[in-house]
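Q: Please work out how this folds:
(chains A and B)
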Number of protein chains: 2
Amino acid sequence: MATKARVMYDFAAEPGNNELTVSEGEIITITNPIITDGTKDGISCGNSLADQAFFDALSSNTAQTSSAAKSSNQVNNASDPWSGWNIGKSGNWDNGTSGDSWATKPESAAGQRNSASNNWDTAATFGHPQAYQGPAAADDDDWDDDWDDPKSSSPSYLGYKETESSEAGGSQRGNSRAAAMKLPLNKFPGFAKPGMEQYLLAKQLAKPKEKIPIIIGDYGPMWVYPTSTFDCVVADPKKGSKMYGLKSYIEYQLTCTNTNRSVNHRYKHFDWLYERLLVKFGLAIPIPSLPDKQVTGRFEEEFIKMRMERLQAWMTRMCRHPIVSESEVFQQFLNFRDEKEWKTGKRKAEKDETVGVMIFSTMEPEAPDLDMVEIEQKCDAVGRFTKAMDDGVKELLTVGQEHWKRCTGPLPKEYQKIGKALQSLALVFSTSGYQGESDLNEAITEAGKTYEEIASLVADQPKKDLHFLMETNHEYKGFLGCFPDIIGAHKGAIERVKESDKLVATSKITPQDKQNMVKRVSTMAYALQAEMNHFHSNRIYDYNSVIRLYLEQQAQFYETIAQKLRQALSRFPVM
Amino acid sequence: MATKARVMYDFAAEPGNNELTVSEGEIITITNPIITDGTKDGISCGNSLADQAFFDALSSNTAQTSSAAKSSNQVNNASDPWSGWNIGKSGNWDNGTSGDSWATKPESAAGQRNSASNNWDTAATFGHPQAYQGPAAADDDDWDDDWDDPKSSSPSYLGYKETESSEAGGSQRGNSRAAAMKLPLNKFPGFAKPGMEQYLLAKQLAKPKEKIPIIIGDYGPMWVYPTSTFDCVVADPKKGSKMYGLKSYIEYQLTCTNTNRSVNHRYKHFDWLYERLLVKFGLAIPIPSLPDKQVTGRFEEEFIKMRMERLQAWMTRMCRHPIVSESEVFQQFLNFRDEKEWKTGKRKAEKDETVGVMIFSTMEPEAPDLDMVEIEQKCDAVGRFTKAMDDGVKELLTVGQEHWKRCTGPLPKEYQKIGKALQSLALVFSTSGYQGESDLNEAITEAGKTYEEIASLVADQPKKDLHFLMETNHEYKGFLGCFPDIIGAHKGAIERVKESDKLVATSKITPQDKQNMVKRVSTMAYALQAEMNHFHSNRIYDYNSVIRLYLEQQAQFYETIAQKLRQALSRFPVM
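A: Down below sits the predicted model:
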């Protein structure tokens, strides 16, 4: 859905204003469908266009979030967490915003440029990061107050029409994020930070304090794992309110397993963390989007629980990641001591400049540079694998959703009907007036009740097994949805290197520049491999665990049914 | 659907011609919808009208046969013996021909008169049974040749359009029987035999050679059971042909377990037997209709097998019945020594005059007469029970059919999809290039194959359990479909006795006549109770057996699935 617009007049960026300098006759590719008036404004005056584009490249995840939002809302209506999953084609891989990265083969440079060049052409075009001064500090409190509960901001959500409204609200989430971007976009300085060209061509990369070593292990490049790991328990969702009850929100308690200390966070804080992690690590590490912020509805409690479970899963994922879990922003999110420390840390994180492609500047592979052929092959292999796995995961989700529906809908109803029919028959039989058949009739009645019990077992079973298989696959769908952007960044860098010979020939860059580029692309390739090795080891563990759990639960389920049937059978008189 | 017609001219019956004497101004109630031209003719000239009416009263079973025919044909198309059962409302209890006997309460005489009075008003109106000379002998051979294979009589059944044509043929069965009646109606002398009035009011009942004692057992009135029982094995269906191959038919071998001698019979012979049993015993004993004559079609072998199974079940039922199995017509059917003996026996059976209501004249209850209150109560109780059981059986059939469809359709498809999805995922995983995950991938592949096996198990299971539950219920549906006629006859007799006081008062009958009536109705009541006790003991045995079988098979089924899942589980590496 990329829209091209020829610039009709020169527009000089004002330093410090996150603007894009464009000249008459240049072609601007607008990669995000323009929906909100606010975004339109942003374009009509050229304001934040680059921010928007960079954000788009990174956060086409919002499309997924939007889809998740939609489904969660359907869940709300159907009271069934899987019945509404919009598994089909709404993922990152093929949404309209970024184009279908996989519509053409990953090997096809043309096919890749779509998302890769978004990062590249737009984000790399401007370069005054140091000049940026976000107004973050100024309206921190203001921002702190919105976003929380549609009830408070929109009285129309009250009462019966809530579900309808909330659904609309849910499906607008992708947009609302974009809309929100228009206001606080410059609060995410990452989006205004140097792009690919900056990273690849800088004479000397500023040495950031953070260092992310990449070592070579038995399985190839890998992150360095901390000696002690921790998890974070998300619990105790509490409804809070402020402004004399006008605004209400849900607050969760987060307890680190290593410190055993707790902090409280509202959903919007998770959302803030997600955005920070996405901005900082999103081109190197897949950061799956958060479970959607569930608007309150008729099934509030159920869905607060469901969201909490998913927030838990998300936090556990992050805690499991050696780079994310050790990052300052993540640590600070879990370990601040008071409101002041939280706000200070928050502002600091928002000013972090080691974000976007610059994250690679912190990475230090302890290995010789890779050659370009190998780099490209590795990148392509990752692209193929993640695309194929994305397909596989979606297939399983589709099948699982269908199965969920059947197991919770028509199948138990049928067992119930069988049960009722047997009991009716026994009741009729008992009116025969014929002597000595009461044993049989009691046995048939019990058999009927057994089928009613089986109906309940069948209906409840998916929560015990399929649920986990679905959740795991859904998490992986989230991960895999991040890869088009990641692969895109790598492909973009590789393309840049491929084109660099021409630049050297025309003296636009020096041979040293080119050598730097190769080295930096090699670093990126090591990072990709380290991340993939992390991904694979987690995948193997997760799928092994969840399929084992599924099979074990299924076996128990069928054994229970068989036992019940044998028990029912034993009541029949032998004739 | 009874049509009333005022007779416009006198019509004197010709003795021996099965005609009805009607007079100008009389009201004739035509109880069968007139469909075939032949039947129309029969009415316009008054020919065989009484036969038709008597036949209707007895053989509203044909409506059921028609329904069965329809379903069997659908079976033919769907290759699924239960997918096509037209369970709903097509039974005898509520078809248009006999009126819905149960639309009003059995206690309501008005409601009852509909079917009861059919027998009574029409069948009892003419009275020259001894004068009858059927032309049965004359065209025996001719009759022997028709009815067999639509292929031979109608070339349009050949080829691809066969199924369509055959379906039409099937649904016409009820009519074709009526149509066939028009031609050979007078071959069934039973229909022209004395009716209820004759039985109840005869000064002295002719003592038939047959005697059917009714004794009082532990459970009340009962038939006398023969000391040795036998079954009849229906086997070895063979295609035969005659007329130089122009006519083809299927012939079955019937072997009596007591004599171990075999005879061969074509379907039409079974059909003949059914008609004879219906004519002879149909007002005292439920004679379920035969499985429909399946026209040959694309699934010929499968359905010859299916029909054979049902013929087997039908024969076994008949062999189990102490009165039917010992009857001359039944014995002769199984034990004739050569073609000549068969034909002689056949002609004799067709001339049998102890048919219809006259069967009660053979019955000798070894107990004092019942009083009318008790008789009516018993009759009502049977009516209520059989109606309620009919509902229960139909409910179970409906549920079972639905379950059959699911188990053979969407459910195994879903398990297959789960299996395929797991295998696809394992295939993707195997391309990761990550070491040491082959054990997991093989385990996932095996789990996938296990789900494919489960798909087959699920799809095949109904044949192993639900099939028998359905067949038993279908048989009972057949039995229960006979009861409106049976109850109707009893109710009709009871009504006649109730009205008899008036007749005595007006000297139309003597007090002795009335006493005879009470005695004969009492005999009928004993017969009904004896038959019900036979019915109940069979029902208890059959339902006990079939539900036990069902539960046992279901338990085994779930155990097998659980075992397979455990085996699949054991292949997963422990991490």
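Q: Could you pull out the helices in the stretch 201-350 of chain A for me?
A: With DSSP state H, counting those that start in this stretch applied, the stretch 201-350 of chain A shows helices at A:267-281, A:300-320, A:322-326, A:328-335, A:339-351, listed in chain order.
Q: Lowest mean pLDDT across those, which one is that?
A: Mean pLDDT is lowest for helix A:300-320 among these, at a mean of 89.
Q: That helix: which residues count as buried?
A: A:303-304, A:306-308, A:310-315, A:317-320 (16 or more other Cβ atoms under 10 Å in any protein chain shown). Quick note: C-beta positions are derived from backbone N, CA and C, even for glycine.
Q: Report the residue spans of the stretch 101-250 of chain A with pLDDT below the cut-off.
A: Within the stretch 101-250 of chain A, the ranges that satisfy pLDDT under 70 run A:101-194.
Q: if you set the cut-off to 80 instead, what comes out?
A: Counting by pLDDT under 80, the stretch 101-250 of chain A has low-confidence residues at A:101-194, A:204-208, A:240-248.
Q: Spell out which residues of it are next to chain B.
A: The stretch 101-250 of chain A comes close to chain B at residues A:218, A:219, as judged by Cβ under 8 Å from any Cβ of the partner chain.
Q: Would you point out which residue of the stretch 101-250 of chain A is nearest chain B?
A: In the stretch 101-250 of chain A, no residue comes nearer to chain B than residue A:219, which is 6.0 Å away by Cβ to the nearest Cβ.
Q: Spell out which residues sit in contact with that residue, please.
A: For residue A:219, the residues meeting the contact criterion (Cβ atoms under 8 Å, 6 or more residues apart in numbering or on different chains) are A:533, A:536, A:537, B:434, B:435.
Q: what about the strands in chain A?
A: Defined through DSSP state E, the strands belonging to chain A, from first to last, are A:3-6, A:27-30, A:212-217, A:220-223, A:232-242, A:247-256, A:262-266, A:363-365.
Q: Format these as CSV; extra columns: mean neighbour count and distance to residue A:404.
A: Listed next are these as CSV, based on neighbours: other Cβ atoms under 10 Å in any protein chain shown; distance: least, Cβ to Cβ, whole Å:
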stretch, mean neighbour count, distance to residue A:404
strand A:3-6, 10, 39
strand A:27-30, 15, 39
strand A:212-217, 17, 39
strand A:220-223, 21, 36
strand A:232-242, 15, 25
strand A:247-256, 18, 26
strand A:262-266, 17, 31
strand A:363-365, 18, 42
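Q: Same list (those) but as TSV, adding distance to residue B:409.
A: TSV is the format used below for those (distance: least, Cβ to Cβ, whole Å):
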stretch	distance to residue B:409
strand A:3-6	47
strand A:27-30	49
strand A:212-217	51
strand A:220-223	48
strand A:232-242	43
strand A:247-256	44
strand A:262-266	49
strand A:363-365	55
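Q: Within range of chain B, give me the residues from the stretch 451-575 of chain A.
A: The interface of the stretch 451-575 of chain A toward chain B, taken as Cβ under 8 Å from any Cβ, is made up of A:532-533, A:536-537, A:539-541, A:543-545, A:547-548, A:551-552, A:554-556, A:558-559, A:561-562, A:565-566, A:568-569, A:572-573, A:575.
Q: Please narrow those to those residing in helices.
A: With helices defined by DSSP state H, the entries of these inside them are A:532-533, A:536-537, A:539-541, A:543-545, A:547-548, A:551-552, A:554-556, A:558-559, A:561-562, A:565-566, A:568-569.
Q: re the thing from before, and of the contacts of residue A:219, the nearest to residue A:389?
A: Out of those, the one with the shortest distance to residue A:389 is residue A:536. That distance is 10.2 Å, counting by Cβ to Cβ.
Q: didn't that closest one look like it was pressed against residue B:435?
A: No - under the criterion of Cβ atoms under 8 Å, residue A:536 is not in contact with residue B:435, lying 9.2 Å apart.
Q: Of these two, give the one with the bigger neighbour count.
A: When neighbours are counted by other Cβ atoms under 10 Å in any protein chain shown, residue A:536 comes out ahead of the other of residue A:536 and residue B:435, with 19 against 11.
Q: residues near residue A:506, how many?
A: Look at residue A:506: counted by other Cβ under 10 Å, it has 8 neighbours.
Q: ok, now residue A:228?
A: In terms of burial, residue A:228 registers 7 neighbours under the definition other Cβ under 10 Å.
Q: Endpoint to endpoint, stretch A:350-361 covers what distance?
A: For stretch A:350-361, the separation between the terminal residues is 19 Å (Cα to Cα, to the nearest Å).
Q: Check which residues of it are buried.
A: Here stretch A:350-361 shows A:350, A:352, A:353, A:354, A:355, A:356, A:357, A:358, A:359, A:360, A:361 as buried, counting by 16+ other Cβ under 10 Å.
Q: With respect to residue B:249, which of the helices of the stretch 201-350 of chain A lies nearest?
A: Among these, helix A:300-320 comes nearest to residue B:249, with 66.3 Å by Cβ to Cβ.
Q: if we can go back for a sec, give me the buried subset of the ones in helices among the residues of the stretch 451-575 of chain A next to chain B.
A: When those are checked for burial by 16+ other Cβ under 10 Å, the buried set is A:532-533, A:536, A:539-540, A:543-544, A:547-548, A:551, A:554-556, A:558-559, A:561-562, A:565-566, A:568-569.
Q: who's in contact with residue A:331?
A: Residue A:331 makes contact with residue A:325, according to Cβ under 8 Å, 6+ apart.
Q: Check the one 3 residues further on too.
A: Residues touching residue A:334, when contacts are defined by Cβ under 8 Å, 6+ apart, comprise A:232, A:254, A:256, A:263.
Q: could you dump these to CSV with distance to residue A:510?
A: Converted to CSV, the contacts of residue A:334 look like this (distance: Cβ to Cβ, whole Å):
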residue, distance to residue A:510
A:232, 48
A:254, 50
A:256, 49
A:263, 50
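Q: Specify which member of the residues you listed is nearest to chain B.
A: residue A:232 (22.5 Å).
Q: which residues touch the residue nearest to the closest one when sequence neighbours are not counted?
A: Across the structure, with Cβ to Cβ, 6 or more residues apart in numbering or on different chains as the measure, the residue nearest residue A:232 apart from its sequence neighbours is residue A:315 (4.6 Å). Residues counted as contacts of residue A:315 (Cβ under 8 Å, 6+ apart) are A:231, A:232, A:234, A:254.
Q: rewinding a little: now tabulate the helices of the stretch 201-350 of chain A in a markdown table and tack on distance to residue B:387.
A: A markdown table is the format used below for those (distance: least, Cβ to Cβ, whole Å):
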| stretch | distance to residue B:387 |
| --- | --- |
| helix A:267-281 | 62 |
| helix A:300-320 | 46 |
| helix A:322-326 | 72 |
| helix A:328-335 | 72 |
| helix A:339-351 | 76 |
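Q: okay, now the residue nearest to residue A:341 when sequence neighbours are not counted: neighbour count?
A: Residue nearest to residue A:341 in three dimensions, not counting chain neighbours: residue A:332, with 8.0 Å by Cβ to Cβ, 6+ apart. Residue A:332 is surrounded by 19 other residues when neighbours are defined as other Cβ under 10 Å.
Q: shouldn't residue A:332 be in contact with residue A:349?
A: Yes - between residue A:332 and residue A:349 there is a contact under Cβ under 8 Å: 6.8 Å.
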